[in-house]
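Trainee: This is a predicted model, with the sequence first.
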Amino acid sequence: MEALLYFAFWGALIFLMMRVGCGAHIMGRGHGAGQAGGRCGQEDNAELRWVPPKTDTDPVCGKTVTTDRAKPSVHAGHVYYFCSRECREVFEAAPDLYVSGGDPEQPRLEHSHA
């Protein structure tokens, strides 16, 4: 009998936590559910869709690239587009040189495209 009460108590506690407590966020019923920030409708997700620009500048070689054919890379929460796999690899090896201006005394790496 004690085991039954034990499991009933903990089961009810877990159920309540999932329904209105910490677990409600996991189940999509937490703060703001049903509002613009909630997860109830598909139409809310459409507002959060990110659309890339049509063109961007390759931070390594300076070429203008169309983003639909570019080789993307993400650094510090930003998407960068590259004209080739080689430019992307050069960037990923030392992204701070290209993002924050880098060390002015260090020359930019030059490479050729095949």
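Mentor: The structure has been received and is ready for your questions.

Trainee: Residue ranges of each domain in this structure, please.
Mentor: 2-46, 50-114 (automatic domain parsing).

Trainee: Point to the helix or strand of the protein where mean pLDDT is at its lowest.
Mentor: helix 42-46 (a mean of 52; mean pLDDT, DSSP states H and E).

Trainee: following that helix, which helix or strand comes up?
Mentor: Downstream of helix 42-46, the next assigned helix or strand under DSSP states H and E is strand 55-57.

Trainee: Name the surrounding residues that touch that following strand.
Mentor: Identification of contacts with strand 55-57 by CB atoms under 8 Å, 6 or more residues apart in numbering yields 63-67, 70, 80-81. Any C-beta I mention is one placed from the backbone N, CA and C, and that applies to glycine too.

Trainee: buried stuff in it?
Mentor: Neighbour-count burial for strand 55-57, counted by 16 or more other CB atoms under 10 Å, picks out Asp56.

Trainee: who does it pair up with?
Mentor: strand 64-66 (antiparallel) (DSSP bridges).

Trainee: Buried by neighbour count: which residues of the partner strand qualify?
Mentor: Buried, per 16+ other CB under 10 Å, within strand 64-66: Val65.

Trainee: pLDDT (mean, whole number) over that strand?
Mentor: On average, the pLDDT along strand 64-66 is 92.

Trainee: For the helix or strand just after that strand, name the packing helices and strands.
Mentor: For strand 64-66, the following helix or strand on the C-terminal side (DSSP H and E) is strand 71-75. The contact analysis (3 or more CB pairs under 8 Å, 6 or more residues apart in numbering; DSSP states H and E) places strand 71-75 against strand 78-82, helix 85-93.

Trainee: Quick check: which of the ones you listed is buried the most?
Mentor: Comparing the helices and strands packed on strand 71-75 by mean neighbour count (mean count of other CB atoms under 10 Å), strand 78-82 ranks first with a mean of 19.
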